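Chemist: Got a sequence here, can you build the structure:
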Amino acid sequence: MTNAAGTRFAEQFARAQTLWQQGQIASARQVYRQILDVEPEHVGALDAMGILAGQSGDLEQAVQYLERAIAVEPGNAAAHYNCGLTLKALHRLERALACFDRAIALDPQLVHALYERGVALQQCVRLDDAIASYDRVLRIKPDHFEAHANRALALFALGRPVEALASCDEAITLQANHASLYLLRGDLLRALDRREAALASYERAILLKPDHAEAHCNRGAVLLLLQRIDEALPSLDRAIAIKPDYAEAYFHRGYSLRMLNRFDSAAADFKTVATLAPDFRFLPGTWLEANMHVCEWDEFDALVGQIAAGAENDAHVSHPMISMALMDSARLQHRVARTWVKYACPANASLGAIPRRARPQRLKVGYFSADFHEHPISRLLAELIEIHDRSKFEIVAFSFGPRTHDEWQQRLVRAFDEFIEVRARSDLEIASFARHINVDIAVDLSGYSSGNRAGIFALRAAPVQVSYLGYLGTMGASYIDYIVADRTVVTPASESHFTEKIIYLPGSHQVNDRKRRMAEEVFTREQLGLSSTAFVFCCFNTTYKISPATFAGWMRILEAVPASVLLLSAGHEMAETNLRAQAARHGVDPRRLFFGERLPPEKYLARYRAADLFLDTLPYNAGTTASDALWAGLPVLTLMGNSFAGRIAASLLMALSIPELITSTQQQYEELAIELSLNPKRLAQIRAKVQENRLTSSLFDTAQFARNLETAYTSIHDRYQAGLPPDHIKL
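Modeler: As a prediction, the model looks like this:
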C-alpha cells in the first residue's frame with residue numbers, strides 16, 4: 001500500500017478501529033470491507049479482518065486475510081504473529097511456529113510471539129525448546145505470569161519437578177489466587193514425595209475453588225499415600241459428585257476401599273472405571289486383584305487374558321505384585337515390572353553419583369522396610385538381624401512403616417545396631433541420609449509390595465542395592481543391582497528375565513527364625529469345628545493367591561477323598577461365601593470347607609498340627625505360610641511353576657530334603673494329594689521326615705544362612721570396590 005493510499009484511508013481506518021474498541025464489531029467489519037473494496041492491499045484492514053474472523057470462529061478465513069497481509073508487507077511482525085496464533089488454533093503447529101519465528105526475527109522483543117511460540121512447542125512436545133522460548137520471554141518480562149506457569153508444566157513433563165516447583169512458585173507470587181496453580185504445585189510436591197505439603201496445596205486450591213474436582217481427587221490420592229484412608233474417601237466422593245464421569249476419582253476411591261478391605265465395593269468402582277475409560281492405566285490388574293481377595297472370578301479369564309496380552313506389548317495393565325498371582329511366567333512378570341518401573345519409579349539422578357570411598361573395616365548394611373512389626377517379613381528376618389557378625393558388619397534399619405511397639409518391633413529395635421524411623425521423610429531425604437551415613441549395601445525388603453518406597457532406591461541410597469525377601473521376582477529396575485535367590489527359584493533359563501544379577505544362596509533363599517515359638521496347646525479337631533475322623537487338607541495362603549484352576553483342583557481332590565475337608569484362612573466374609581458357592585458348582589458339599597480364624601502367631605503355628613496335608617497354590621506359592629507349616633511339622637504339597645513366586649515352596653522343600661512333595665503338573669499334584677490322603681503309612685513317614693529334617697536341614701539353620709548371606713554381601717561389595725559391574729554370585 002502506498003503512503004498516499006495510507007493517508008487517504010487513515011481517517012476511515014481510525015473510525016473502524018474506534019468502532020471495534022466500542023464493541024460495534026459488525027460496523028467495524030463493514031468499514032474494513034469498504035476500505036478493502038477500494039484498496040485490497042490495505043495491511044491494517046487485512047490484519048484487522050483476519051483477527052475479527054478468528055474471533056468469530058472462522059479460522060480458515062482469518063488465515064486467508066492474514067496471509068494476504070503478510071504477502072503485501074512481509075516485514076509486518078504483527079501480521080506474522082496473528083497468523084501464527086490462528087494457525088495454532090487450527091492445530092497447524094509447524095506452520096504456526098514458522099510464523100512466530102518470522103515475527104521474532106523481525107522483532108526480537110515481541111514477547112507475545114515468544115510466549116505463543118513456547119506454547120506451540122509445548123503442544124508439539126518439544127519441551128526443551130518450549131522452555132528456552134519461555135526463558136527468552138522472562139528475560140524481557142520477568143513478571144510474565146503465563147510463561148512461569150507453562151514453564152512449570154513443561155519442566156514437570158520432563159521429570160524435573162524441583163525446577164518446575166520454583167517456576168510454579170514464581171507464578172503464584174505474581175497471581176496468588178489461581179486454584180489451578182495450587183493444583184499443579186500439589187502435584188509437583190507429591191512427585192517430590194513431600195506429601196503433607198502437597199496436601200496443603202490441594203486444600204488451598206479447594207479453598208479458592210470449592211468445586212474443583214481435580215483438587216478434591218488429588219487431595220484424596222495424597223491422603224491415601226499418607227494412609228489416612230478414612231479422610232481420603234470423602235474427598236474422592238466429593239470429586240465424583242462434582243464430576244460424575246471422573247474415572248481417576250473412581251480409581252482412587254476403589255483403591256481406598258480396597259485398602260479398607262471393602263473389596264466388593266472397590267471392584268464396583270474399578271468396573272465403573274472400565275466403563276468410563278477402558279484403557280485406564282493399570283486397571284485390569286487392580287480390578288482383578290480386588291475380585292480375587294473375595295474370590296469373585298466372573299471376570300477372571302477375560303482380565304488375565306487382557307493382562308497377558310498387554311504385558312506382551314508393554315502396556316500399562318497391571319502392578320507387578322498382582323501379576324505374580326495371575327501369570328506363571330517369569331518372562332511376562334519381567335515385562336510387567338519393566339513397564340511399571342518406567343512409569344511409576346524410573347531411575348532418578350537428582351542426587352548424582354555416589355563418590356567411591358575406601359572400604360570400611362565393617363560394611364554398613366541398611367535394611368529398608370515398611371514391615372518392621374508383626375508381619376511375615378519380621379517373623380522370618382528377626383533372628384538373622386540378631387546374629388549378623390558385628391565384627392564385619394554394621395546393621396541399620398530404615399523403617400518407613402508404622403510405630404506399633406508390638407513384640408516383633410521391639411525385638412527388631414533391640415537387634416539392629418541402629419533403628420531409624422524415616423516414615424515422615426521423603427524418598428529424597430531418606431536416600432540422602434543413607435548416603436550421609438555411608439551405607440555400603442542397601443537391602444530393599446519391600447520391592448513393590450504394600451507400603452514400599454522404591455523411590456529411595458531409584459535415587460540410589462547406596463553404592464550397591466539388593467532386593468530381598470519381600471518381593472519375589474524381578475523389579476525390572478536398573479538401580480537394583482542384585483536379587484537374593486537360590487537355584488530352585490531361579491534357573492539358568494530364567495536368568496534373562498531378571499534385570500538384577502542373581503545371588504544364588506545354597507539351600508533356600510528364604511531365611512527363617514528358629515526362635516519362633518509354638519504354643520504348647522494342642523488343638524483338637526472338635527475345637528476347630530472339624531470331624532475327628534476327617535482327613536484335613538489345609539491352605540492358609542491369602543485368598544488372592546487362590547486361582548480358579550487351583551480351587552478346581554482342590555475340589556477334584558475332595559471329590560476323590562470323600563472323608564476329607566479343606567481348612568482355609570478366614571478372610572473377607574464374601575470370599576467365604578463365594579468359595580462355598582464355587583464348591584457347590586464343582587459338586588462338592590460347601591460344608592466341607594472350613595475357615596480358621598486369625599490367631600496369635602504361637603497359636604497359629606500350633607493349629608497346623610491339627611491338619612494332615614498343606615495344599616499349595618499356583619502361580620503364587622506359599623512363602624512364609626509354607627515355612628510355618630513345615631516348622632510345625634506339617635507336610636506341604638506344592639506344584640512347582642515357572643516363576644520365582646511359583647517355585648518358593650519347592651525351594652523350601654529342597655532345602656528340607658523332601659523333594660517327593662514337589663510336583664510339576666496339575667495331574668501329579670492332584671494324584672499325590674489323593675494318594676497321601678488314602679495311604680496313612682506313607683504320609684506318616686513323610687511327616688516324620690519333616691519333623692526330623694526341620695531340626696537338621698539348612699532350611700532352619702539360621703546361623704549358616706547368615707554366614708552365607710554375609711559372604712554374598714562381601715563378594716558384591718568387593719566387586720564394587722574393584723570397579724567391576726554386578727555379576728551373578730554363586731555360593
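Chemist: As a check, name the ranges of all helices in the stretch 501-650 of the chain.
Modeler: 548-560, 573-585, 601-607, 624-631, 648-655 (DSSP state H, counting those that start in this stretch).
Chemist: Equivalent analysis for the stretch 51-200 of the chain, please.
Modeler: Under DSSP H, counting those that start in this stretch, the stretch 51-200 of the chain gives helices at 59-72, 77-89, 93-106, 111-123, 127-140, 145-157, 161-174, 179-191, 195-208.
Chemist: Quick one: those as JSON lines, columns for mean neighbour count and distance to L257 too.
Modeler: Using the backbone N, CA and C atoms, a C-beta is placed for each residue, glycine as well. Output for the helices of the stretch 51-200 of the chain, formatted as JSON lines (neighbours: other C-beta atoms under 10 Å; distance: least, C-beta to C-beta, whole Å):
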{"stretch": "helix 59-72", "mean neighbour count": "20", "distance to L257": "46"}
{"stretch": "helix 77-89", "mean neighbour count": "24", "distance to L257": "43"}
{"stretch": "helix 93-106", "mean neighbour count": "20", "distance to L257": "42"}
{"stretch": "helix 111-123", "mean neighbour count": "23", "distance to L257": "37"}
{"stretch": "helix 127-140", "mean neighbour count": "19", "distance to L257": "37"}
{"stretch": "helix 145-157", "mean neighbour count": "22", "distance to L257": "29"}
{"stretch": "helix 161-174", "mean neighbour count": "19", "distance to L257": "29"}
{"stretch": "helix 179-191", "mean neighbour count": "22", "distance to L257": "21"}
{"stretch": "helix 195-208", "mean neighbour count": "20", "distance to L257": "20"}
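Chemist: quick one: which of those has the weakest pLDDT on average?
Modeler: In terms of mean pLDDT, the lowest-scoring of the helices of the stretch 51-200 of the chain is helix 59-72 (a mean of 79).
Chemist: Just the CA trace of that one, in CSV.
Modeler: What follows is helix 59-72, C-alpha atoms only, in CSV (Å, rounded to 0.1, in the frame of the first residue of the first chain):
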residue,chain,number,x,y,z
LEU,A,59,-10.3,-19.5,11.4
GLU,A,60,-9.8,-20.5,7.7
GLN,A,61,-10.9,-17.1,6.5
ALA,A,62,-8.8,-15.5,9.2
VAL,A,63,-5.7,-17.3,7.8
GLN,A,64,-6.6,-16.1,4.3
TYR,A,65,-6.8,-12.4,5.4
LEU,A,66,-3.6,-12.6,7.4
GLU,A,67,-1.6,-14.4,4.7
ARG,A,68,-2.7,-11.6,2.3
ALA,A,69,-1.4,-9.0,4.8
ILE,A,70,1.9,-10.8,5.0
ALA,A,71,2.2,-11.0,1.2
VAL,A,72,1.6,-7.2,1.0
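Chemist: List the contacts of that helix.
Modeler: 1, 40-41, 43, 46-47, 49-54, 76, 79-80, 82-83, 86-87, 89-90 (C-beta atoms under 8 Å, 6 or more residues apart in numbering).
Chemist: coming back round to it: can you say which of the helices of the stretch 501-650 of the chain is packed in most?
Modeler: Most buried of these by mean neighbour count (mean count of other C-beta atoms under 10 Å) is helix 648-655; its value is a mean of 27.
Chemist: How far off centre is that one?
Modeler: Centroid separation between helix 648-655 and its chain, computed with C-alpha atoms, centre = their mean, to the nearest Å, is 29 Å.
Chemist: Report the contact partners of the residue lying closest to A649 once chain neighbours are set aside.
Modeler: Counting by C-beta to C-beta, 6 or more residues apart in numbering, the nearest residue to A649 once its immediate chain neighbours are dropped is T638, at 3.7 Å. The contact partners of T638, taken as C-beta under 8 Å, 6+ apart, are 616, 618, 621-622, 626, 649-650, 653, 661-663, 669.
Chemist: For S432, find the nearest of the helices of the stretch 51-200 of the chain.
Modeler: Each of the helices of the stretch 51-200 of the chain has some distance to S432 by C-beta to C-beta; the shortest is helix 161-174, at 13.2 Å.
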